[in-house]
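Engineer: after the sequence you'll find the predicted model.
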Amino acid sequence: MSATSQHGFHPGVESLSAFAEQALEERERAEVLEHLAVCGRCRRVVALAREAADGDAVKVSAPPQKTIAPDAWWRQWRLAWVPAAIVAAFAAASVSTHVWLANRNERDFKIVAQNPTQGAAPASTQPATEQAEVVPPAAAAPAPQVRTAKQLHSGAADQPAAQEPHLMTAEAPSEPAAMDRLEIGRQTQPLSYAEAKQAPSGSLAGAAGSVYSQPAAAAREDKQKQAEELSQEQFDATHLRRFTLKSAPAAAHGAIQPAPQAVTQTVTVAAAPVNLETAPLPATPAISAGLPSQLHSSIPINPMHLPSGLAVVSSTTAGSIVLAIDKAGALFLSRDHGNTWERVDTQWTGRAVAVTEQFAVNGLFETAPATQNGAAAGASTNPKPAAPPPVTFELFNDKNQAWVSTDGRIWNSK
Amino acid sequence: MTPSESVASAAPTGFPNGTLALDPALADELWRACAAASWGLTRNEFDQILIEAGTAQNFGLDEAATPVGATRKRQAEFFRGFCVDDLVLARACARGNERAWERFVAIYRQPLTRAAIAITGSETVGRDLAEQLYAELYGLNEREGQRRCPLLSYRGRGSLMGWLRTTLAQRHVDHYRRTRREEPIEEYDAPALDPPPQTPARELSLLKRAIEQAIANRNAEERYLLAAYYLDEQTLLEIGRVLGVHEATVSRRLRRAAGEIRKQILKALERSGMSRRAAEEAMGADPRDVELNLKKLLQQSQSEAFQEQAAT
């Protein structure tokens, strides 16, 4: 015990320590407790000592860091498949979406490819027997650049007009490319073999070269049917009629030189609308034959996305003017190859279902009359190409009534 | 003087060297248990340390009995209630055994510093306090011309580490109380005049006397609880750790003590002639109106045991 001034006598350090550690006998503990009840100093000493002991005990008895068992379930490598499966599923979905979009773009591409243009790069149509000469092996660079239809689509804007004809290889036919070939083959179907044979060797209107074979076409018949179903309405309303009108010029151009078996055999056709976009308008047999060049612009129509958002059921083109009717019967006019559209006020009765263009002269494919501009007299002897005849657009409603317009904006009953 | 020079002072005065012999079997058992040979203590030194410790406390026998009369059973009961290994180490250090000091430093140096930092709440002050105690333990302080090692006061009741912590806490509290008295009073705001008490003076006087009586009648543990909780503002957890009980037990005992004190006060007031209602109203008097210093009141309840020791 140590003497202090306040209480005369304090328990010793050992007594206080033993009291805090519950190590005192009952009698001595009661004595210390009696003192602690009246001595703030010793209470403070005991409290501090106890606090330090607790703090030290916490540090000493701190549990070691938990070690994760090597066989913990979240450490197992099997779970690595979960994110891998998610990534794979996402990739598959992306590919599917991309293929679907590519197919849809092919339908738009088909529209352009159908439009015979004079600005097409000269692409030879080769007989099937010459195919091996035309289509180089994949390693045979730098001969004609081998590209897929998808590449042609995506890189259309930056392709120079005077490039080599782009060939599609049969070795690695992509799905869009196959669709493209099928569409072109179908478009050429109305042409008779005789007409095709008479046609001089040259470019298929608005198309670059493409190579495909019949077995491939047969294998993709389902795809073709599906594509046909999707675009049937648009195709029928828009192109069948036009095709009838244009098949003759196509023949006149001599653009098709099919294989002896025509479309059922391997045919090399031109299918690069991208080249057509930036190509100049060279003089073509079509012009020399008197066909107004502005009727069939070399500039392809962009995929028709009408402001209404509906599908196109009928359309026609004259130069940069494009008229299109959507499924709701609304008529839209574009003066910039389909880039921008404006809706034409309804000036007809019923529902518009078809729109076509007509020449104001005697026939669809006749040359413009020399008197049209007063300077073309004796056009038959004048080597200068005749001035383009005025275009008349014709609109039909669901009752087969017709309206005509020269600018596509103002319509009069026929 | 090296620590070994304090060996002579470690032996209690008047120790009848050779007159007391430990039971050989007990000595062997304790020798093996504390493994003192591992840090260089000889068996002879070990036996001497045990004899000194037993003689100093008379082996727990009455003061009238002589240590020589301690039987083997009594010796065994005495030493088994002690921390013999800590006691031997502390005494060996006090004797100046270098290997004992090496062991002491290896075991207690860092915990001593941590405890000092925890007690002072400051790393700088804590390290200073620990270094000061360590130097003192090494025997650098002199008393009456002789160097004294505080480890000699450790008698093996409780752990040596607890003893070291309590020593640190005691020195810190004493230092704090001493320096606090020396702090200058920077500002002194004169307290506002208290409004006159609403409770009549006679009732306040009765209330004061009843409170003093009620508190004085409480036992030591309840007064310790009241003082530690209301005066020292210790938490229930801290109080519970000191007493070795759960804090819920502390809370229950405190509530019971307060309830008992209230009942006794009411009874005392009723005995003084107040009605029950008047007594309850008097219990609601403003405490500031009661001239009662609870701290002083608790401190007046001096333990008889320590009063006797102080008188001696």
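Structural biologist: Everything's here; your move.
Engineer: what's the following helix or strand after the host helix or strand of residue B:173?
Structural biologist: Secondary structure from DSSP states H and E places residue B:173 in helix B:160-182. Remark: after helix B:160-182, the chain's next helix or strand is helix B:201-216, criterion DSSP H and E.
Engineer: do that next one and chain A meet?
Structural biologist: No: against chain A, helix B:201-216 shows no contacts by Cβ under 8 Å from any Cβ of the partner chain, the least distance being 10.2 Å. C-beta: built from backbone N, CA, C; applies to glycine.
Engineer: now that helix: buried residues?
Structural biologist: B:203, B:204, B:206, B:207, B:210, B:211, B:212, B:214, B:215 (16 or more other Cβ atoms under 10 Å in any protein chain shown).
Engineer: hang on, isn't the first one packed against residue B:275?
Structural biologist: Pointing back at residue B:203 there. No: Residue B:203 lies out of contact with residue B:275 (Cβ atoms under 8 Å); the separation is 11.5 Å.
Engineer: sorry, back to before: figure out how far the helix holding residue B:173 is from the centre of its chain.
Structural biologist: What separates the centre of helix B:160-182 from the centre of its chain is 11 Å, taken as Cα atoms, centre = their mean, to the nearest Å.
Engineer: now do that helix: everything it contacts.
Structural biologist: A:13-14, A:16-18, A:20-21, A:41, A:44-49, A:52-53, B:83, B:86-87, B:89-90, B:108, B:111-112, B:115-116, B:119-120, B:129-130, B:132-133, B:150, B:154 (Cβ atoms under 8 Å, 6 or more residues apart in numbering or on different chains).
Engineer: does any bit of stretch B:238-257 sit next to chain A?
Structural biologist: Yes: interface with chain A: stretch B:238-257 contributes B:238, B:241, B:242, B:244 (Cβ under 8 Å from any Cβ).
Engineer: related to what we said a few turns ago, which single one of the buried residues of helix B:201-216 is nearest to chain A?
Structural biologist: residue B:215 (10.2 Å; Cβ to the nearest Cβ).
Engineer: any idea how far the closest one is from residue A:34?
Structural biologist: Taking Cβ to Cβ, to the nearest Å as the measure, residue B:215 falls 14 Å from residue A:34.
Engineer: which SSE is immediately downstream of the least confident helix or strand in chain B by mean pLDDT?
Structural biologist: Using mean pLDDT, DSSP states H and E, helix B:7-10 stands out as the lowest-scoring helix or strand of chain B, at a mean of 36. Using DSSP H and E, the helix or strand that follows helix B:7-10 in sequence is helix B:24-34.
Engineer: contacts for that following helix, please.
Structural biologist: B:37, B:43, B:46, B:47, B:50, B:72, B:75, B:76, B:79, B:84, B:85, B:88.
Engineer: just checking, the fourth one touches residue B:41?
Structural biologist: Which is residue B:47. No: Residue B:47 is beyond contact range of residue B:41, at 10.3 Å (criterion: Cβ under 8 Å).
Engineer: just want to know which of these two has more residues nearby.
Structural biologist: Legend: neighbour count by other Cβ atoms under 10 Å in any protein chain shown for residue B:47 and residue B:41, higher for residue B:41 (23 against 16).
Engineer: list the contacts of that one.
Structural biologist: Residue B:41 makes contact with B:88, B:92, B:97, B:99, B:100, according to Cβ under 8 Å, 6+ apart.
Engineer: just the buried residues of those residues.
Structural biologist: B:88, B:92, B:97, B:100.
Engineer: and the third one, how far from residue B:168?
Structural biologist: Same thing as residue B:97. When residue B:97 is compared with residue B:168 (using Cβ to Cβ), they lie 23 Å apart.
Engineer: could you pull out the strands for the stretch 1-150 of chain B?
Structural biologist: B:142-143, B:146-147 (DSSP state E, counting those that start in this stretch).
Engineer: am I right that residue B:115 is in contact with residue A:54?
Structural biologist: No: contact criterion Cβ under 8 Å: residue B:115 and residue A:54 do not qualify, at 10.7 Å.
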